[in-house]
Structures are given as C-alpha cells and as structure tokens.
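**Student:** Here's a sequence, model it:
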Amino acid sequence: MEGGAPRRRQLRVGALAAALTAAFTLLCCTGGTAAFFLTELSGGGDDLSPEARSGCGRTHQVNVSGKMPRFAQYGDSQIRNAAVIIKVGSDMKVPPRGWVVAVATAMQESGLRSLPHLGSRNDHDSVGLFQQRPSQGWGSPEQLQDPAYTSRKFYEKLVKVPNWQQMPLTRAAQRVQVSAFPDAYAKHEELASKIVDALAGGAARTVQVAKQNICNAATRGQIAASGWTAPIPGGVGSGFRTASRPSHNGVDIGAPKHTLIRAAATGRVLVARCDPDHGGRRSCDVDGWPGKGGCGWFVDMLHVGGYVTRYCHMIVKPRVVPGQLVKAGEVIGEVGTSGNSSGPHLHFEVHLDGDRSSRGAVNPVSFMRDRGAPLNGKA
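**Tutor:** Numbering: from 1, shown residues only. Next comes the predicted model:
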C-alpha cells in the first residue's frame with residue numbers, strides 16, 4: 001500500500017505545461033525537431049452514440065448520412081466529414097487506431113472542412129480535408145475535395161509506415177503529411193478519440209489482437225486506439241480514496257517484483273527519482289514498510305491534454321530521466337516495494353489539468369476504463 005503523495009514542493013503543472021510546450025522537442029523520423037505540444041483540449045463530445053454509451057465496439061458501422069452527435073467545437077458538416085474518414089478506414093480494414101490518427105490529422109489540417117484552394121491563405125496548392133497537394137501527386141483538385149477519396153489516400157500512405165500503430169500519433173501523422181508543423185497533431189488526439197468513440201461505437205477503446213479489434217484489453221504494451229494502455233496487468237487491490245484511506249490518491253495493483261511497468265500514454269517525464277521517507281532519508285534500494293513514508297522510486301509523466309500519471313514503489317532506479325519523451329507502452333521501470341509499502345505492487349495515479357497535487361487526482365479506474373485500458377483487465 002502507498003501512504004501519501006511524494007514529499008516535495010507541490011507544483012501546478014498547468015503553468016509548467018505552457019513552458020514545456022515551448023521547451024520540449026521531439027526528434028522526428030526525418031531527423032528534424034519540433035515542439036511537443038501539450039495543449040489541453042477544451043470541451044468535448046456532448047452526445048455519444050447509444051453504442052458508445054452501452055459498451056465498447058459493439059458496432060463499427062458508421063452512418064454518414066444520419067443524425068450526427070454534437071461536439072462543441074464542430075458543426076454537423078464537420079462531424080459528418082469525420083464519419084466519412086472513419087467509414088473509409090473501416091471499409092479498408094485499417095485498425096481503429098488509424099481512424100483516430102486520420103481524424104486528428106484532418107482536425108489540424110482543415111478543421112474537418114473540405115477546403116478549396118485558398119491561395120495565399122493555405123500552403124501552396126493544398127486542398128481538402130488533409131490539405132494534400134495535387135502538385136505532389138495526391139490527386140486532382142476535384143478528387144482531393146472528395147472526403148472519401150482524400151481519406152483513402154491518407155490511409156494508403158499511413159499503413160505503409162512501419163510500426164505506425166506503436167508510434168505517437170504526431171509521428172505517424174507526420175510520416176504521411178510531411179508537415180511544416182509536425183508537432184501540431186498531438187493536441188487533437190483526445191478529442192479525435194472521443195469523436196471516433198461517438199461515431200463508431202466505442203472503437204477508440206479497442207486494441208487490435210491477431211487482426212481482431214478487442215474491446216478494453218490494452219495491456220502488456222498493446223495500445224488502444226485512444227493511445228492508452230494499462231501500466232501493468234493485474235487487478236486493483238486498494239482503491240481510490242476509500243472510506244478507510246480517504247487520502248489514497250491512486251490505486252494499488254499487486255504484481256510480483258520486477259514486473260515491467262509501462263508508460264500509460266505517450267508523454268514527457270517530469271520526475272524520476274527516489275522520494276524521501278518521513279525521516280528525510282532517500283533509502284529506496286531496500287524494501288519499504290507501512291508507515292515509512294514516501295513513494296520510493298517513482299516517475300511522474302505529463303501527457304497531451306494536461307494529464308499526469310504517477311508510478312510509485314519501483315524496485316530500482318527508473319529506466320527514464322526527466323525531460324525524456326516516452327512512447328505509450330514503453331517500459332519505464334519495474335514493480336517493487338520501496339517507500340511506504342507493505343508488499344510488491346504499483347501505486348498508480350492520474351491527475352488532471354497538470355496538477356500533481358491531491359487536488360488534481362481522479363479515480364484511475366474509471367479514467368483508464370474510458371480509454372480502453374482498464375486496470376482490472378475488464379470493461
């Protein structure tokens with residue numbers, strides 16, 4: 001069991017995120033660098049489909065002509081274009097992760113509008129949902145203003161990118177688009193996942209296993225279409241802010257020592273160190289005990305949308321360092337029992353709005369379930 005947040009000055013990472021946006025860089029596949037955007041999305045889906053509400057992935061049939069769900073940021077015609085993008089991906093048997101990548105890309109490139117050539121107001125001769133250029137062989141201007149055609153061209157290039165499903169969304173999109181702003185796609189991932197869920201029956205909560213889309217099963221390094229995965233397999237023991245432990249700001253997942261801990265989503269490492277115990281000692285290389293205090297060896301990560309995840313009680317020094325960009329599913333450490341702990345387990349927390357203090361903590365069980373990566377392995 002974990003007994004309290006790490007003993008450090010509490011910071012409000014909402015303010016830090018703005019600085020990180022400018023300061024953090026990621027190395028793109030072409031060798032260039034670009035800022036890693038950590039913009040928090042405002043608003044979200046207001047009207048999930050009945051399928052999305054009742055259960056993940058019961059149907060992936062997308063109706064492009066019926067009533068569209070409502071989203072504060074987009075009108076009916078824009079969501080209808082998103083439905084076309086998803087339907088084309090489904091018809092081409094592209095996994096749902098690709099639908100999220102495609103929708104997020106179109107959100108950035110055109111705001112989900114099929115744009116004509118705008119002269120100096122857009123990039124050269126770019127047109128359509130994905131701002132593809134006739135001069136670069138994507139198709140004629142007329143073809144590229146057809147949402148189905150331009151979506152198909154996007155997917156044809158995406159599926160040829162090696163390991164695209166394991167890439168951060170912004171890298172996968174950039175390999176297709178070769179944009180002058182390769183970092184800009186990431187900030188749309190959260191809302192794109194919500195749109196895919198609303199239009200395709202919870203498809204963003206699926207993971208592809210043996211070419212089958214399985215609901216609520218993202219673990220052991222497999223990434224849900226939403227971009228999230230469970231940090232370790234196993235069930236939750238001690239829960240979030242229970243009656244007996246009202247200050248328990250996360251959940252405890254029991255696992256043997258040295259079980260690999262994976263990043264729950266792509267993000268930037270904020271902290272990776274030994275947390276002092278109640279006596280101010282940094283003694284994380286030995287087993288802890290109840291009442292010792294501290295998180296032991298632990299990691300905090302900042303993700304797109306302002307989310308922070310915390311991983312406590314590692315057995316040895318984390319495998320990552322502050323400032324490092326880590327992909328979803330990448331190993332960041334190993335389960336142990338350092339710090340305030342009665343046995344081997346992972347203490348896992350999720351915080352909103354970049355707030356690493358107890359004020360920002362939310363129940364990780366429901367948060368991860370909504371992203372297709374349940375902490376108990378079940379919906």
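**Student:** The stretch 201-350 of the chain: strands as residue ranges?
**Tutor:** Using DSSP state E, counting those that start in this stretch, the strands of the stretch 201-350 of the chain run over 206-209, 212-215, 251-254, 260-262, 267-274, 297-303, 307-314, 325-326, 331-334, 345-351.
**Student:** Show me what the third one packs onto, helices and strands only.
**Tutor:** So that's strand 251-254. Contact partners of strand 251-254 among helices and strands, from 3 or more C-beta pairs under 8 Å, 6 or more residues apart in numbering; DSSP states H and E: strand 345-351. Using the backbone N, CA and C atoms, a C-beta is placed for each residue, glycine as well.
**Student:** got the angle for the strand it packs on vs strand 307-314?
**Tutor:** Between the axis of strand 345-351 and that of strand 307-314 there is an angle of 160 degrees, by axes from the mean of the first three to the mean of the last three C-alpha atoms, to 10 degrees.
**Student:** Need the contact partners of strand 345-351.
**Tutor:** Residues from elsewhere that reach strand 345-351 (C-beta atoms under 8 Å, 6 or more residues apart in numbering): 1-2, 231-232, 237, 249-255, 259, 261, 264, 295, 307-313, 335, 337, 341, 357, 360-364, 367-368, 375.
**Student:** follow-up on the earlier one: let's have the strands of the stretch 201-350 of the chain in CSV, adding distance to E189, mean neighbour count and mean pLDDT.
**Tutor:** Shown next, in CSV, are the strands of the stretch 201-350 of the chain (distance: least, C-beta to C-beta, whole Å; neighbours: other C-beta atoms under 10 Å; pLDDT from 0 to 100):
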stretch, distance to E189, mean neighbour count, mean pLDDT
strand 206-209, 16, 21, 89
strand 212-215, 19, 16, 88
strand 251-254, 24, 22, 96
strand 260-262, 18, 22, 98
strand 267-274, 11, 21, 98
strand 297-303, 9, 25, 98
strand 307-314, 11, 27, 98
strand 325-326, 15, 20, 96
strand 331-334, 20, 21, 98
strand 345-351, 16, 26, 98
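**Student:** quick one: which of the ones you listed is nearest V88?
**Tutor:** strand 212-215 (16.4 Å; C-beta to C-beta).
**Student:** Each with direction, which strands does that closest one pair with?
**Tutor:** strand 206-209 (antiparallel) (DSSP bridges).
**Student:** Could I have the CA atoms of the strand it pairs with written out in PDB?
**Tutor:** Only the C-alpha atoms of strand 206-209 are listed here, as PDB (Å, rounded to 0.1, in the frame of the first residue of the first chain):
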ATOM      1  CA  THR A 206     -10.300  -1.200 -28.800                       C
ATOM      2  CA  VAL A 207      -6.900  -2.800 -29.300                       C
ATOM      3  CA  GLN A 208      -6.000  -5.000 -32.300                       C
ATOM      4  CA  VAL A 209      -5.000  -8.500 -31.300                       C
END
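**Student:** which residues does A361 contact?
**Tutor:** F240, N249, G250, E349, V350, H351.
**Student:** Out of these, which is nearest to L112?
**Tutor:** Among the contacts of A361, V350 lies closest to L112 (C-beta to C-beta), at 28.7 Å.
**Student:** Ignoring the adjacent residues along the chain, who's closest to P168?
**Tutor:** Of all residues not flanking P168 in the chain, T266 sits nearest, at 4.2 Å (C-beta to C-beta, 6 or more residues apart in numbering).
**Student:** Correction: the previous question concerned S126.
**Tutor:** Spatially, and ignoring its direct neighbours in sequence, S126 is nearest to R133 (5.2 Å; C-beta to C-beta, 6+ apart).
**Student:** dump the residue contacts of the residue positioned nearest the centre of the chain.
**Tutor:** The geometric centre of the chain, computed from its C-alpha atoms, lies nearest to G227 (C-alpha atoms, centre = their mean), at 3.9 Å. Counting by C-beta under 8 Å, 6+ apart, G227 touches R97, V100, P168, L169, E189, S193, A265, T266, A328, R371.
**Student:** how about the CA coordinates for the strand or helix carrying the second one, as CSV?
**Tutor:** Under the criterion DSSP states H and E, the helix or strand holding V100 is helix 96-110. Coordinates of each C-alpha in helix 96-110 appear next as CSV, following Å, rounded to 0.1, in the frame of the first residue of the first chain:
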residue,chain,number,x,y,z
PRO,A,96,-9.3,1.9,-35.3
ARG,A,97,-6.0,3.5,-34.2
GLY,A,98,-5.7,4.7,-37.7
TRP,A,99,-9.1,6.3,-37.6
VAL,A,100,-8.0,8.4,-34.6
VAL,A,101,-4.8,9.3,-36.4
ALA,A,102,-6.7,10.3,-39.5
VAL,A,103,-9.4,12.3,-37.7
ALA,A,104,-6.8,14.2,-35.6
THR,A,105,-4.8,15.0,-38.7
ALA,A,106,-7.8,16.4,-40.5
MET,A,107,-8.7,18.4,-37.4
GLN,A,108,-5.3,20.1,-37.6
GLU,A,109,-5.1,20.5,-41.3
SER,A,110,-8.6,21.7,-42.1
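**Student:** Thought P233 was touching G254, still the case?
**Tutor:** No - look at G254 against P233 with C-beta atoms under 8 Å: they stay out of range, at 10.7 Å.
**Student:** re the thing from before, let me know the distance separating the residue nearest to the centre of the chain from A104.
**Tutor:** Going from G227 to A104 by C-beta to C-beta, to the nearest Å gives 10 Å.
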